[in-house]
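Novice: Here is the input, now give the coordinates:
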Amino acid sequence: METHTEKKVIICKVCRSSFCCEIHLKKHMQEHAGEKKIKEKRHSCVQCGRSFYYESMLISHVRSHTGEKPFACTICDSVFSSALILKSHMRIHTGEKPYSCEVCGRSFRNRSTLYVHKRTHSEEKPFSCETCGSSFRQKSNLLTHVRIHTEKKYSCEVCGSSFKSNTKLSSHKRTHFEEKFSCEICGSSFKSNTKLSSHKRTHFEEKSFSCEVCGSSFKQKSNLVTHVRIHTGEKPYSCDVCCKAFSDLSYFKKHARIHTGEKPYACTICPASFSDRSALKVHMYTHTGVKLFLCDICGCRFARSHHLKQHMNTHKKAQ
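Specialist: All right, here's what the predicted structure looks like:
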């Protein structure tokens, strides 16, 4: 009878990466040997002071200040600040995943994602919170966690709400004083004339990009590209954590926040924050008193769709 033995996992003493054999570990150690040859970061950014080993890295970094994105994707029109980021992005379209885990065989589009994945084997959590000692595999997760300890120092003198930054406080104050700009065509209201002008273009702009399969038309080529995937079944955006795939980049980004815990959409009235814009929009109804969801049986209104569904069950039980 054949017996199966567990694979021996070898740990790198420098970075705690995991390997299945000595040959892979030896090859990996050469990377650390190369790191030691670089003595100092000689190229510094004059705007923020960050330093880099190579001039090419500095040039790419400076674009984060200027906003320049000279590298464009020929497939979906996305633009990037460096050729390296563009190269990584192109793998979304090609499906290429050149970085493989020596322990379990899983493949990834980016080397950095592979490094994060390897920590699931070594259980390494190199990013620690200085306040409570909690540890995390990714720096982004640590930054999200630290907000728990951050004090809210900026208070609104009108309603007393507190915020973590003066920027968020200023945005909140506009809800008390700012004039509403309304669209005379559809009645939608906006906080600034700039947003109103942008909205008005949706009423007049021509939809020049048409789907050859079903005839649907779109104002932007990128929207057409996303739509066509409904017909082709293509899902180029794959989650490196759970492998779930998506046809739309926005849905993929929303999903990724499940793993990172990021909640970038903050309420300007109370401390609540959310992982997607639609959840914030629903939450705002609790402050405005708007109840969009109507029961067509008894006329009761609700601020949330699931409250309406719960309410509808009371009618079903009564029948």
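
Novice: who does the host helix or strand of K309 touch, helix- and strand-wise?
Specialist: Using DSSP states H and E, K309 sits within helix 305-318. Judged by 3 or more CB pairs under 8 Å, 6 or more residues apart in numbering; DSSP states H and E, helix 305-318 is in contact with strand 293-294. Yep, even glycine has a C-beta here, placed from its N, CA and C like the rest.

Novice: now with 10 Å?
Specialist: Judged by 3 or more CB pairs under 10 Å, 6 or more residues apart in numbering; DSSP states H and E, helix 305-318 is in contact with strand 293-294, strand 301-302.

Novice: Any buried residues in stretch 64-81, and which?
Specialist: By neighbour count on 16 or more other CB atoms under 10 Å, the buried set for stretch 64-81 is F71, C76, S78, F80, S81.

Novice: Using TSV, lay out those together with secondary structure.
Specialist: Conversion of the buried residues of stretch 64-81 to TSV gives the following (DSSP: H, G, I helix; E, B strand; the rest coil):
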residue	secondary structure
F71	strand
C76	coil
S78	coil
F80	strand
S81	coil
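
Novice: The spatially most central residue of the chain: what's it in contact with?
Specialist: By CA atoms, centre = their mean, the chain has its centre lying nearest to K253, at 4.2 Å. Neighbouring residues of K253 by CB atoms under 10 Å, 6 or more residues apart in numbering: Y237, F246, E262, P264, S275, D276.

Novice: gap between it and T232?
Specialist: Distance of K253 to T232, given as CB to CB, to the nearest Å: 21 Å.

Novice: go on, A72?
Specialist: 23 Å.

Novice: Equivalent analysis for R111, please.
Specialist: Look at R111 and T232: by CB to CB, they are 29 Å apart.

Novice: same check, this time on L280
Specialist: Distance, L280 to T232, using CB to CB: 32 Å.

Novice: now F71
Specialist: Distance from F71 to T232, by CB to CB: 26 Å.

Novice: try P70
Specialist: P70 is 30 Å from T232, where distance means CB to CB.

Novice: and what of S305?
Specialist: Per CB to CB, S305 is found 31 Å from T232.

Novice: in the stretch 51-200 of the chain, which spans are strands?
Specialist: 51-52, 71-72, 79-80, 99-100, 107-108, 127-128, 135-136, 154-155, 162-163, 181-182, 189-190 (DSSP state E, counting those that start in this stretch).

Novice: what domains does the record give for the protein?
Specialist: Domain segmentation of the chain under automatic domain parsing yields 40-124, 292-319.

Novice: so which of the helices and strands packed on helix 305-318 comes closest to T66?
Specialist: Nearest of the helices and strands packed on helix 305-318 to T66, taken as CB to CB: strand 293-294 at 46.0 Å.

Novice: Just name whatever secondary elements that closest one is in contact with.
Specialist: Using 3+ CB pairs under 10 Å, 6+ apart, the elements in contact with strand 293-294 are strand 301-302, helix 305-318.

Novice: got a list of contacts for that strand?
Specialist: 282, 285, 300-309, 311.

Novice: Among those residues, which pair sits farthest apart?
Specialist: Within those, V282 and C300 form the most distant pair, 17.5 Å apart (CB to CB).

Novice: Please identify which of those two sits among more neighbours.
Specialist: Counted by other CB atoms under 10 Å, V282 and C300 do not tie: V282 has more neighbours, with 17 against 14.

Novice: what's the closest non-adjacent residue to L84?
Specialist: Spatial nearest neighbour of L84, excluding adjacent residues (CB to CB, 6 or more residues apart in numbering): S60 at 7.4 Å.

Novice: Show the average pLDDT along stretch 209-223.
Specialist: Averaging pLDDT along stretch 209-223 gives 84.

Novice: What residues of it count as buried?
Specialist: Neighbour counts over stretch 209-223 (16+ other CB under 10 Å) mark F209, F218 as buried.

Novice: CA atoms of it as CSV?
Specialist: Only the C-alpha atoms of stretch 209-223 are listed here, as CSV (Å, rounded to 0.1, in the frame of the first residue of the first chain):
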residue,chain,number,x,y,z
PHE,A,209,-20.4,53.3,-29.0
SER,A,210,-22.8,50.5,-29.9
CYS,A,211,-22.8,46.8,-29.1
GLU,A,212,-22.8,44.6,-32.3
VAL,A,213,-24.6,41.8,-30.4
CYS,A,214,-27.7,43.5,-28.9
GLY,A,215,-27.5,47.1,-30.1
SER,A,216,-27.1,48.8,-26.7
SER,A,217,-25.3,52.2,-27.0
PHE,A,218,-22.8,53.9,-24.6
LYS,A,219,-21.2,57.3,-24.3
GLN,A,220,-17.8,55.9,-23.5
LYS,A,221,-15.8,53.1,-25.1
SER,A,222,-14.8,51.6,-21.8
ASN,A,223,-18.5,51.1,-20.9
